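Visitor: With the sequence up front, the predicted model follows.
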Amino acid sequence: MADHASPSQELDALIVGAGFAGMYQLLCLRDRLGLRVKTLEAGSGVGGTWYWNRYPGARCDTESHAYWYTFDPSLMRDWEWTERYPGQPEIMRYLNFVADRFDLKRDIQFDTRVTAAHYDEAANRWHVTTEHGETYTVKYLITAVGCLSTANVPNIPGLDGFKGDWYHTGQWPHGGVDFTGKRVGMIGTGSTGIQAAPVIAETAEHLTVFQRTANYSVPARNKPLTPEFKQYVKDNAEEIRQATHETLNGHQFKIDTKLATETSPEERRKIYEAAWERGGLQFRAVFQDMMASVEANSTAAEFIKGKIREIVKDPKTAAILSDIDHPYAAKRPPIDSDYFETFNRDNVTLVDVKAAPIQEITPTGIRTAEGSYDLDIIVFATGFDAMTGPMLRMDIRGRDDVALKDVWEGGPLNYLGLQVAGFPNLFTITGPGSPSVLCNMPVAIEQHAEWIADAIAHMRANGLERIEAKPEAMEKWVAEVNAVAGKTLLPMAKHSWYLGANIPGKPQVFMPYAGGMVRYREICEDVKARGYEGFVLA
Ligand code: NAP
């Protein structure tokens, strides 16, 4: 047990994290339930993932009119997005606008990283410790720590001796990085690298992209929103909200009922061309069977590979970029602004580090099995210890001092993604076992924060002190999460962070719930209607 030295504060609830999730949870618990509640946030401002990920080109892949809070119609009327896909600075302005409007910051303590949370069974309280040694004693603990907030800097020999500068995209300096006249190496071609490369290439003397696994990408077709579209959003905000509650992934667009396998090649081509021109994540929504049938998926995959070969002029570079080893969208599909076009620039080189792996970082650059590359700056667009990482970097201990890291040794176990047996009154927002990263995040977050607030309200109304997932409910749910993933093509991407495969030694388990947000919401509502079936309330 940590030494819970004073000064210690007692509260009804403590929230960890002040991104989309922590901010809304604070509002629910403080303003609707009247709890004594505080949020602790490691950053110096609100924003969570968006606070840290300020790398060049950082932009949301969900269209702006579906990427916001929808709990208050007047909030939707009073905010106006300017672009089809909001950039990181605009999202930060939005989140600060919301925080100020609801006076949230007075109950958020910034620059405060939570290091430990230990459950005291006799008192039925959580003792929470911060890196500065402050302690909090609370009945309810809610983690709103995000899914992609633990940066993964791969353990490549020699990084310590590198004489230039290096940065991870998820811990980007707030003052920005000047690439002018610099030779930049970027490792990683996931959604982040694909967004960053075109912007870095604009100012760097030279950009070398180190690609291990080739990736699909579809144009975002970002653009400023017209006054007419902004008015449309204001006039139809409630309908748009409703649409995001009725679609599989919480987006505003529906998945078409047409089957790729029953559509002629000419017709399919027309459909894919139109989707390519329209741009965005809805490319994957043009056929019902795209994520369920290898045959259907390969039609989309081949179309995109053909586009890459058309766009990229150097045939060797085009071949490396289009040599993709997994079904389309089995990894989180990126969307881009001129990513493949970037490789036609004279100052950009692609290096295939699957064929010739990176061997070391030298004082002057990167050495692969085939050659050395002199660099002034290395950018790690190498992703995150996703979903479980943000939880496990805190020392969380439940009943009998059992550590969460031991319970999750073989992969995350929980019930509905909301609670772990043995960890009473601890709730997790959009962690593993819930749709989270497979869904438009604000939609998943609002559902979780409201469900948690309802559960706490129910307990208070009924004089209950403790809510805890039953072990058998947890086991059944984990089996369900695995079963629904198995019905999709998602587990076929072997290097995916959905599976934990990007972190050496991490157990490989498909972590998010792939049964869709609509189904998940129904299950959670049903559990609630049955008196919180699967939970012990005491
Ligand atoms: P990621 O998808 O995990 O991609 C990491 C990249 O780094 C991969 O290309 C990976 O290659 C490579 N890599 C990792 N370690 C390496 C090593 N040792 N040597 C060579 N290459 C290495 O991470 P991300 O691009 O940061 O994206 C993570 C998630 O964040 C996304 O999937 C998305 O959900 C979210 N995101 C969203 C947005 C948005 O909405 N706009 C933007 C960015 C990110 P392998 O594939 O071979 O492992």
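Guide: Noted; the coordinates are in hand. If you're wondering where the values come from, they're calculated on a predicted model, not measured in any experiment.
Visitor: can you confirm Tyr136 is in a strand?
Guide: Yes - remark: Tyr136 belongs to a strand, assigned using DSSP: H, G, I helix; E, B strand; the rest coil.
Visitor: Quick check: beta-bridge partners of it?
Guide: Assessed by DSSP bridges, Tyr136 has beta-bridge partners Gln9, Val128.
Visitor: Next, count neighbours for it.
Guide: When neighbours are defined as other C-beta atoms under 10 Å, Tyr136 has 23 of them. C-beta here means a position set from N, CA and C on the backbone, and glycine is covered the same way.
Visitor: ok, now which ones touch it?
Guide: By C-beta atoms under 8 Å, 6 or more residues apart in numbering, Tyr136 lies in contact with Ser8, Gln9, Glu10, Leu11, Leu14, Lys38, Leu40, Trp126, His127, Val128, Thr130.
Visitor: Return the closest of those residues with respect to the ligand.
Guide: Minimum distance to the ligand across the contacts of Tyr136 is 23.5 Å, recorded for Leu40 (C-beta to the nearest ligand atom).
Visitor: Across the sheet, point out what pairs with the closest one.
Guide: Val16, Gln109.
Visitor: For it, list the residues it contacts.
Guide: Contacts for Leu40 were tallied using C-beta under 8 Å, 6+ apart; they are Leu14, Ile15, Val16, Gly17, Ile108, Gln109, Thr112, Arg113, Val114, Val128, Thr130, Tyr136.
Visitor: For PyMOL, write the select line for the buried members of the residues you listed.
Guide: Those of the contacts of Leu40 that count as buried under 16 or more other C-beta atoms under 10 Å are selected in PyMOL with:
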select buried, resi 14+15+16+17+108+109+112+114+128+130+136
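Visitor: count of residues packed around the closest residue to Ile15 other than its chain neighbours?
Guide: Leaving aside its chain neighbours, Ile15 sits nearest to Thr39 (4.3 Å; criterion: C-beta to C-beta, 6 or more residues apart in numbering). The tally of other residues near Thr39 (other C-beta under 10 Å) stands at 26.
Visitor: isn't Thr39 right up against Gln109?
Guide: Yes - contact criterion C-beta atoms under 8 Å: Thr39 and Gln109 qualify, at 7.1 Å.
Visitor: So which bits of the chain are right by the ligand?
Guide: 59-61, 148, 154, 187-193, 195, 210, 212-213, 332, 353, 358, 381-384, 437, 495, 497, 502 (C-beta under 6 Å from any ligand atom).
Visitor: Give me the buried subset of the residues you listed.
Guide: Counted by 16+ other C-beta under 10 Å, the residues of the chain next to the ligand give 59-61, 148, 154, 187-193, 195, 210, 212-213, 332, 353, 358, 381-384, 437, 497, 502 as buried.
Visitor: Those in helices, which ones?
Guide: In helices, defined here by DSSP state H, the members of those are Ser191, Thr192, Gly193, Gln195.
Visitor: who are the neighbours in contact with the first one?
Guide: By C-beta under 8 Å, 6+ apart, Ser191 lies in contact with Asp61, Arg332, Pro334, Ile335.
Visitor: hmm, back to that, with the contacts of Leu40 in mind, which one is nearest to Thr428?
Guide: Nearest to Thr428, judged by C-beta to C-beta, of the contacts of Leu40 is Val16 at 9.9 Å.
Visitor: Wait, the closest one touches Arg393, no?
Guide: No - applying C-beta under 8 Å as the test, Val16 and Arg393 come out as separate, 11.2 Å apart.
Visitor: ranges for the strands of the stretch 1-150 of the chain?
Guide: Using DSSP state E, counting those that start in this stretch, the strands of the stretch 1-150 of the chain run over 8-16, 37-40, 108-109, 114-120, 125-130, 135-143.
Visitor: Out of those, which gets nearest to Asp160?
Guide: Asp160 lies closest to strand 114-120 among the strands of the stretch 1-150 of the chain, at 24.9 Å (C-beta to C-beta).
Visitor: tilt between that closest one and strand 125-130?
Guide: Strand 114-120 runs at 160 degrees relative to strand 125-130, counting by axes from the mean of the first three to the mean of the last three C-alpha atoms, to 10 degrees.
Visitor: shaky segments in this protein?
Guide: Within the chain, the stretches with pLDDT under 70 are 1-7.
Visitor: Which parts of it belong to which domain?
Guide: 9-58+89-150+399-537, 159-224+245-380 (automatic domain parsing).
Visitor: out of these, which comes closest to Tyr232?
Guide: Closest approach to Tyr232 among these is made by domain 159-224+245-380 (11.7 Å; C-beta to C-beta).
Visitor: In the stretch 351-500 of the chain, which residue sits closest to the ligand?
Guide: Proximity of the stretch 351-500 of the chain to the ligand (C-beta to the nearest ligand atom) peaks at Gly383, 2.5 Å away.
Visitor: My guess is that residue contacts Ala501. True?
Guide: No - assessed by C-beta under 8 Å, Gly383 is found out of contact with Ala501, at 10.8 Å.
Visitor: How many neighbouring residues does Leu104 have?
Guide: Neighbours of Leu104 (other C-beta under 10 Å): 22.
Visitor: swap in Tyr232?
Guide: Neighbours of Tyr232 (other C-beta under 10 Å): 14.
Visitor: Report the contact partners of it.
Guide: Counting by C-beta under 8 Å, 6+ apart, there are no residues that Tyr232 touches.
Visitor: quick one: it is in a helix?
Guide: Yes - looking at Tyr232 with three-state DSSP, it is inside a helix.
Visitor: ok, now how distant is it from Thr62?
Guide: Tyr232 sits 17 Å away from Thr62, taking C-beta to C-beta, to the nearest Å as the criterion.
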